[in-house]
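In: Test case, fold it:
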Amino acid sequence: MENKNLQDNDRIVKALEFSYKAHKGTFRKGTKIPYIVHPWDVASILMKNNAPEHVVIAGLLHDVVEDEDYTVSDIRNMFGDKVAELVHGASEPEELKNSKEGEKENWHERKAHTIDFIRDAGRDMKLLSCADKLANIRDIINDHERQGESFWKTLNAPRNDQAWYFTSMMESIAYGDEIIVDMPAFKEFKKCVEWIFGEEPLK
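Out: Residues are numbered from 1 along each chain as shown. Purely as a prediction, here's the structure:
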């Protein structure tokens, strides 16, 4: 992957500022940690894996449409088609997000959609998804170490369902011609998933 676009980072700074303002006042579930740390984590992973500029920007913005009061059109107008397409792909469909069922009740349906979508996605989308899930699984490991088994009760689905989701996402990211299994982000993601949901210690 080329990283020459990162030399001129005005658009990344613009996206960072936009993401900060969009998520201002929201916090990571069950904590007092500002939510913005998550998209920053995702962008950091992408930059360390030499992702193109538009993928890094999408990493900063990937939850703005799903969680805040912005649309894909807003993202397209400010950051262009490539970024908008990735943010759209990272956002759950409106019919699932706004389902009459509760967040926990349709959790499996929403995650199954993501698994299926990523399976046939392009390389940029797979890389964005991998960075997002790596940031998530790192947080899960850290929270589990602090809270113990009681941690699983704080999530929208129990440990077994989380294991299904993350393992399935790992397989979907690795599927097809657009695989990224050679990249450090995927290798770390796979290692983390196999550790937290498996029997072997992390090495």
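In: And for residue 146, the neighbour number?
Out: Taking other CB atoms under 10 Å as the criterion, the count of residues near residue 146 is 8. C-beta coordinates here come from the backbone N, C-alpha and C atoms, glycine included.
In: secondary structure element for it?
Out: Of the helices and strands defined by DSSP states H and E, residue 146 is found in helix 123-147.
In: now that helix: how far from the chain's centre is it?
Out: A distance of 7 Å separates the C-alpha centroid of helix 123-147 from that of its chain, computed with CA atoms, centre = their mean, to the nearest Å.
In: could you pull out the helices for this protein?
Out: With DSSP state H as the criterion, the chain has helices at 10-23, 37-48, 53-61, 64-67, 72-79, 81-90, 94-97, 107-119, 123-147, 159-174, 184-196.
In: Give me the helices and strands touching the last one, please.
Out: The helices and strands touching helix 184-196, judged by 3 or more CB pairs under 8 Å, 6 or more residues apart in numbering; DSSP states H and E, are helix 37-48, helix 123-147, helix 159-174.
In: So for the residue nearest in space to the middle of the chain, what's the nearest residue that isn't a sequence neighbour?
Out: Nearest residue to the geometric centre of the chain (CA atoms, centre = their mean): residue 132, 2.3 Å. Distance criterion CB to CB, 6 or more residues apart in numbering; nearest residue to residue 132, sequence neighbours excluded, is residue 42 at 5.3 Å.
In: do residue 143 as well
Out: Sequence neighbours aside, residue 151 is the residue nearest to residue 143 in space, at 5.1 Å (criterion: CB to CB, 6+ apart).
In: my guess is the one you found meets residue 139, correct?
Out: No - using CB atoms under 8 Å, residue 151 is not in contact with residue 139, being 10.5 Å away.
In: still on that earlier bit, will you turn the helices of the chain into TSV that also has mean pLDDT?
Out: Listed next are the helices of the chain as TSV, based on pLDDT from 0 to 100:
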stretch	mean pLDDT
helix 10-23	94
helix 37-48	97
helix 53-61	97
helix 64-67	91
helix 72-79	96
helix 81-90	97
helix 94-97	69
helix 107-119	94
helix 123-147	95
helix 159-174	96
helix 184-196	97
